[in-house]
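J.: Predicted model and sequence follow; I will ask about them next.
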Amino acid sequence: MRVISCTLLLLGVALQRSAEACTTVLITSGASATGVPMILHTLDCWDCDNRIGLVPSKDHAEGSKYDVFGNGHQYPSQATDDGRAWIYRPEPGLISMPVLGKIPEVNRTYAYWESNYALMNEHGLTIGESSCAAALPQGPGKGLADDKGNFGEALFSIAALIRLAINRCKTAVCAVETMGQAAYEYGFYGEGMGSGEALTIVDTTGDGWMFHVSADPSLKSALWAAQRVEDGHVAVVANDYTMRVVDPDDPNTMHSANLFSATKEAGLWDGEGPFDWSMVLGRYNDRPWYDSVRKWSVQSRVAPSMKIPPKQMPYDYDFSVPADEPLDLHAAMGLVRHYYEDTEFALEEGFLAGFFGLPYRMEMVFEGGSSYPGLDGMFARPLSLPRTAYSLLGYPDPKGPVAYICTDQPATGVYAPFLAKTLTEGSKMESLKDTMQLYSSYYANGIRDDFSRDSAWWAFDFVSNWMTINFKNMSRTYVYPAVKEWQEKALDAAAMGDTAAAKELQDDLVEFWWGLADKLVVRYNDNYLNFPEWAKPEPYTIGYDQEMLKQIGYSKEFLHPVQVVSEAKCNSEHGPDAAPKPMLQLSADAGDIVVDKVVRVSPAQLAVLSAVAGAVVFCAGILLGARVGSRRAMPNDTANLYRPLIEVLRGRDQVGGNPGPDAEPMPT
């Protein structure tokens, strides 16, 4: 094992950014159709380690010490000697994760599923996470350096706090108390210098809590509070604190001993009136819609009778809302499995969606402001993103808890079951390596800088990215029906409560998805619909959307390269009545003249053309990267790879018809 002496410095520098804007939702038992509370968590991270690990339970001798690690987002998220999970085993060339500190160990720690964060333990305790804009500096800490490379004294990151609670607790109350005490005693630091944290916590008793934490002014301790979510309600966190009044006399509220005194001494609170966590310790930012659209989406979907209007400021939304109707698993998944269809924020519509309804957006704006000087714009940020590493739906059923894990983004993926029962079985295995017999190796493999067909994440990520060619056609014709079909199979496998059945589903799902990827490569090659199952085995033209062609002013002028100029700029330079005229004439051989014309366009037309150009560049980059990566993993004879599929399709009965079956709605 190679240990790099500068690991701590690299870790601190790498984690000065936020945890890349996750979302979490808590559905109380009273808002659940089965009476089982649920947690949704989307880990929206473009470089996180997306593998799933099984950490067995363990007995510890009296006087043992518990190792505290840092955030560990990038691969390998952990590479340790502590024997926690097979996927974390040290290997030659891997940087060893540093132990930031040690605290007293308990006699027994529980088994749990873990990815970038600990997810669910053998007793069903489940935790979701979302970083939040904080008023106080959230570092430096032992695993987070400031801009000068200096580390601080605080020991626990949010990943370390979650891991501690999942290790030691059966209930949400225990988790709150354990994390709160550790943060208060040993100090808390954020995943970025301005990032506090919010956690959603549920257990098999039906209890559900919201936990908020911030570094304290000294950067040596922490400020925290927790509130039980009212039964029958749904609560959502989208990168802003949501707790309001912290009442020390409320039995459904807990808080750190220093909360009131420390904030008063720091001048954050005057000590008068109720203590409002969000107003005292939260921070307004210059991109409020980035957060608030997600909150509005969840609340308006679960409580349509409240007719909640979109509000710009995240703090203008309620902490939680009562659900009009109890949510089943499908409805819960549907909260994050959409792109704001049928709302004013619909991402599949409008200019930036281009000709083929692409809901993906390049994030020019992340931490506020614009990456492009002189440009100040905004678009809706969905709950399902191409950069989502995984999504968790925690379902702590007392009869058999299940962690449903969807690798890559939930809108184009499937939540596969990972049973708490499997964790108990894994703890009885003779070795860590043996635990890999209990769940699919596809979910234990996958490095983002190395394309591999042995990885579940790469299967779903490839399909999600290939859909940029023609999202609307591909999603309705192939991907959404596949999501719907396999989600039902996943729920059926989970209901069996059997580890072997869950593993078989995991394997079959990933293998089907790689087959779907192969099919989509053939079907949409060269922007045609090739050899569809319901028609003659030949390519069919898809074409452009006629209405959008009209919007961009498509005409014979498009025979020549068109320089797009906004109407405002054209008026300022040439006057409102100036006619378009040639800007540049280039002499060519044989006397040909190529004319580059200036065409007056409206702002709407300008936006459409920009969107189309951006989509082309986006697709080209994604596809080039996928193809280059695939050369290392796919057979050299790619023709042989696809020929059997084509031959099978040609041998099928033809039913005719084009452009295909009726569009499937977004699965909910």
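T.: Right, received. Where do you want to start? Numbers count the residues shown, from 1 in each chain.

J.: my guess is Ser131 meets Ala21, correct?
T.: Yes: with contact defined as C-beta atoms under 8 Å, Ser131 and Ala21 form a contacting pair (6.9 Å). Any C-beta I mention is one placed from the backbone N, CA and C, and that applies to glycine too.

J.: Spit out the residues that contact the two alike.
T.: Shared between the contact lists of Ser131 and Ala21 (criterion: C-beta atoms under 8 Å, 6 or more residues apart in numbering) are residues Asn239.

J.: ranges for the helices of the stretch 351-500 of the chain?
T.: Remark: helices assigned in the stretch 351-500 of the chain by DSSP state H, counting those that start in this stretch are 420-426, 456-466, 471-474, 480-496, 499-523.

J.: residues touching Trp209, list them.
T.: Applying C-beta under 8 Å, 6+ apart as the definition, the contact partners of Trp209 turn out to be 172-173, 175-176, 200-202, 226-229.

J.: For the helix or strand containing it, buried residues please.
T.: Under DSSP states H and E, the secondary-structure element containing Trp209 is strand 208-215. Along strand 208-215, these residues count as buried under the neighbour rule (16 or more other C-beta atoms under 10 Å): 208-215.

J.: Now flag whichever of those is closest to Lys550.
T.: Nearest to Lys550 out of the buried residues of strand 208-215 is Met210 (C-beta to C-beta; 49.1 Å).

J.: hey, what's the closest one bridged with?
T.: Each beta-bridge partner of Met210 is listed here: Thr200, Gln227, as defined by DSSP bridges.

J.: Looks like it contacts Val25 (just checking).
T.: No: in terms of C-beta under 8 Å, Met210 does not count as a neighbour of Val25; the distance is 11.0 Å.

J.: Overlap in contacts, those two.
T.: Jointly contacting Met210 and Val25 under the rule C-beta under 8 Å, 6+ apart are 200, 235, 237.

J.: how much space is there between the first one and Glu129?
T.: Just to be clear, that refers to Thr200. Distance, Thr200 to Glu129, by C-beta to C-beta, to the nearest Å: 8 Å.

J.: shared neighbours, the two?
T.: Taking C-beta under 8 Å, 6+ apart as the contact criterion, the common neighbours of Thr200 and Glu129 are 24, 41.

J.: For Phe345, which non-adjacent residue is spatially closest?
T.: Here the nearest residue to Phe345 in space, its sequence neighbours aside, is Ala380; by C-beta to C-beta, 6 or more residues apart in numbering that works out to 4.0 Å.

J.: Backbone dihedrals for the one you found, please?
T.: The main-chain torsion angles of Ala380 are listed as degrees, to the nearest 10 and equal phi -70, psi 140.

J.: Also His255?
T.: Its backbone dihedrals place His255 at phi -160, psi 160, with angles given as degrees, to the nearest 10.

J.: For the closest residue to it other than its chain neighbours, identify the helix or strand it belongs to.
T.: Leaving out its chain neighbours, the residue that sits closest to His255 by C-beta to C-beta, 6+ apart is Ala225, at 4.0 Å. In this structure, Ala225 sits in strand 222-228 according to DSSP H and E.

J.: Same check on Leu119?
T.: When secondary structure is defined using DSSP H and E, the element that contains Leu119 is strand 118-121.

J.: same check, this time on Val280
T.: In the assignment (DSSP H and E), Val280 maps to helix 277-281.

J.: how many neighbours does Pro401 have?
T.: By the criterion of other C-beta atoms under 10 Å, Pro401 has 25 neighbours.

J.: For it, give its distance to Thr204.
T.: With distances defined as C-beta to C-beta, the gap from Pro401 to Thr204 amounts to 6 Å.

J.: ok, now Glu511?
T.: Between Glu511 and Thr204 the distance is 33 Å, computed by C-beta to C-beta.

J.: Of these two, which one has the most company?
T.: Taking Glu511 and Thr204 together and counting by other C-beta under 10 Å, Thr204 has the greater number of neighbours (21 against 15).

J.: which residues touch that one?
T.: Counting by C-beta under 8 Å, 6+ apart, Thr204 touches 123-125, 170, 396-398, 401.

J.: Give me the three-state assignment for it.
T.: Of the three states, Thr204 takes coil according to DSSP: H, G, I helix; E, B strand; the rest coil.

J.: List the residues that contact Gly432.
T.: For the record, residue 432 is Leu, not Gly. Applying C-beta under 8 Å, 6+ apart, one finds that Leu432 lies in contact with 56, 83, 85-86, 89.

J.: Repeat that for Tyr442.
T.: Here Tyr442 is in contact with 454-456, 459, 506-507, 510 (C-beta under 8 Å, 6+ apart).

J.: at 7 Å what do you get?
T.: 454-456, 506-507, 510 (C-beta atoms under 7 Å, 6 or more residues apart in numbering).

J.: So which of the residues you listed is the closest to Gly413?
T.: Sorting the contacts of Tyr442 by how near they are to Gly413, with C-beta to C-beta, puts Ala456 at the top with 9.4 Å.

J.: That closest one contacts Thr407, correct?
T.: Yes: Ala456 sits in contact with Thr407 when judged by C-beta atoms under 7 Å, with a separation of 4.9 Å.

J.: element containing Val234?
T.: Element membership for Val234 (DSSP H and E) is strand 233-237.

J.: and that strand with strand 222-228, angle?
T.: Using axes from the mean of the first three to the mean of the last three C-alpha atoms, to 10 degrees, one finds that strand 233-237 and strand 222-228 are set 150 degrees apart in direction.
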